[in-house]
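S.K.: Here is a sequence with its predicted model. Questions after.
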Amino acid sequence: MQKLLATAAVVVVLVLAVFVTPTISPRQDAPMYLAAAGGFAAGGLAHWYPREPVYPLFLAAAERLGLPLGSALALVQNALFMAGLYFFLRSMC
């Protein structure tokens, strides 16, 4: 029962994250990641990105699935947080 409730809570958080459009300022890393995601979406894996490419690739994949990049940013951040939290809590048992 606890796993079912935890799964339902994660699904609710991720669905709600789709409807969140975060505020993006030039002093954040978000504009750089969004530009890289746009490059990956347009040019595929041939797009050169000098930093860690996995996060912009997730964003580009979410955009390919039909999510706007603003919503994808919040969704991917929450999904990565939930995955990290899962592995952290799992290691505690």
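M.R.: Happy to help now that I have it. Numbering: from 1, shown residues only.
S.K.: contacting residues around the helix or strand where A61 lies?
M.R.: For A61, the enclosing helix or strand under DSSP states H and E is helix 54-64. Identification of contacts with helix 54-64 by Cβ atoms under 8 Å, 6 or more residues apart in numbering yields 33-34, 36-41, 49, 69, 72-73, 75-76, 80. The C-beta positions use only the backbone N, C-alpha and C, and glycine is treated the same way.
S.K.: Could you list the low-pLDDT ranges of the chain?
M.R.: Per-residue confidence for the chain (pLDDT under 70) gives these ranges: 71.
S.K.: which one's the longest helix in it?
M.R.: When the chain is parsed with DSSP state H, its longest helix is helix 69-92.
S.K.: okay, which residue is most central for the protein?
M.R.: Centrality entry for the chain: nearest residue to the mean C-alpha point is V76, 1.2 Å, by Cα atoms, centre = their mean.
S.K.: Could you check how far it is from Y86?
M.R.: V76 sits at a distance of 16 Å from Y86 (criterion: Cβ to Cβ, to the nearest Å).
S.K.: among the contacts of helix 54-64, which ones are buried?
M.R.: 33-34, 36-41, 49, 69, 72-73, 75-76 (16 or more other Cβ atoms under 10 Å).
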